[in-house]
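Undergrad: Output the structure for:
(2 chains)
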Amino acid sequence: GQQLNQSPQSMFIQEGEDVSMNCTSSSIFNTWLWYKQDPGEGPVLLIALYKAGELTSNGRLTAQFGITRKDSFLNISASIPSDVGIYFCAGGGSSNTGKLIFGQGTTLQVKP
Amino acid sequence: NAGVTQTPKFRILKIGQSMTLQCAQDMNHNYMYWYRQDPGMGLKLIYYSVGAGITDKGEVPNGYNVSRSTTEDFPLRLELAAPSQTSVYFCASSNPGGDYGYTFGSGTRLTVV
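TA: Numbering: from 1, shown residues only, chains lettered A, B, ... in the order given. As a prediction, the model looks like this:
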């Protein structure tokens, strides 16, 4: 089946540093999305990408849809303590069911 | 606006017991999904539904059943609980033709002992 490889698995950074994480797949997706999960909560959508090459920002977050349609990255600039959580990439758009395939997640810890 | 509501939040089951995880959404979304989350494994799709009366298996359906009698509700049934079903379960919904952004519930943490 389709799989997404997300890296890194975890990051421990200093407040103020920039963060970068990425997702790759052997399959093509028509949609890439990035979610954040706070402890004890469900994931919340951060950014959605719908076109190959698209670069989209949401505050300090920037994400790109790879040209090959097989990868995406998420950057967080000037990290703050509330950025702590698990970040998931998800690929979709290859069926009419709305199904998403999720990466394994990147756990981010920020040291004040 | 409640969004997606899951109950219960926590549950401990004994091996062989059964239970139903409830999920309700008030956004009139046609599409609903059940995922399980295990540490380091991401979210795996158990079952999904594209509308009332229509359900289909996802990636890891064994040991589970679902029904979708109304647009709002999508319960997940565990029969004969096993330790391998210890996990956090998330229900989500989305709108066809929308932005594929799921709205997730806050999860049910299930432990089978």
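Undergrad: Relative to residue A:100, how far out is the residue nearest to the spatial centre of chain B?
TA: Central residue of chain B (CA atoms, centre = their mean): residue B:34, 3.0 Å from the mean position. Distance, residue B:34 to residue A:100, by CB to CB, to the nearest Å: 13 Å. To be clear about C-beta, it is placed using only N, CA and C from the backbone, and glycine gets the same treatment.
Undergrad: list the residues that contact both of these two?
TA: residue B:45 (CB atoms under 8 Å, 6 or more residues apart in numbering or on different chains).
Undergrad: tell me which parts of chain B are close to chain A?
TA: Those residues of chain B that sit near chain A, judged by CB under 8 Å from any CB of the partner chain, are B:4, B:31, B:33, B:35, B:40-45, B:48, B:50, B:56, B:58-59, B:90, B:92, B:94, B:96, B:99-102, B:104-107.
Undergrad: Apply 6 Å and report the result again.
TA: B:31, B:42-43, B:50, B:90, B:94, B:99-101, B:104-107 (CB under 6 Å from any CB of the partner chain).
Undergrad: could you pull out the strands for chain A?
TA: Under the criterion DSSP state E, chain A contains strands at A:4-7, A:10-14, A:19-25, A:31-37, A:44-49, A:55-58, A:61-65, A:71-76, A:85-92, A:100-102, A:106-111.
Undergrad: got a list of contacts for the helix or strand of chain A with the lowest mean pLDDT?
TA: Taking mean pLDDT, DSSP states H and E as the measure, chain A has strand A:100-102 as its least confident helix or strand, at a mean of 91. Strand A:100-102 has contacts (CB atoms under 6 Å, 6 or more residues apart in numbering or on different chains) with A:2, A:4, A:88, A:90-92, B:42-43.
Undergrad: The same query, at a cut-off of 8 Å, please.
TA: A:2-4, A:25, A:29, A:33, A:88-92, B:35, B:42-45, B:100, B:102.
Undergrad: ok, now stretch A:48-57?
TA: Here stretch A:48-57 makes contact (CB under 8 Å, 6+ apart) with A:30-34, A:47, A:62-69, A:72, A:93, B:99-101.
Undergrad: One more: stretch A:90-97?
TA: A:2, A:4, A:23, A:25, A:27-35, A:50, A:72, A:98-103, B:31, B:48, B:50, B:56, B:96, B:100.
Undergrad: still on that earlier bit, quick one: buried ones out of the contacts of stretch A:48-57?
TA: For the contacts of stretch A:48-57, a burial check counting by 16 or more other CB atoms under 10 Å in any protein chain shown picks out A:30-34, A:47, A:62-66, A:69, A:72, A:93, B:100-101.
Undergrad: From those residues, which one has the minimum pLDDT?
TA: When the buried ones among the contacts of stretch A:48-57 are compared by pLDDT, residue B:100 scores lowest at 70.
Undergrad: if we can go back for a sec, write a PyMOL command that selects only the buried members of the contacts of stretch A:90-97.
TA: Here is the PyMOL selection string for the buried members of these, based on 16+ other CB under 10 Å:
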select buried, (chain A and resi 4+23+25+29+30+31+32+33+34+35+72+98+99+100+101+102+103) or (chain B and resi 31+48+50+100)
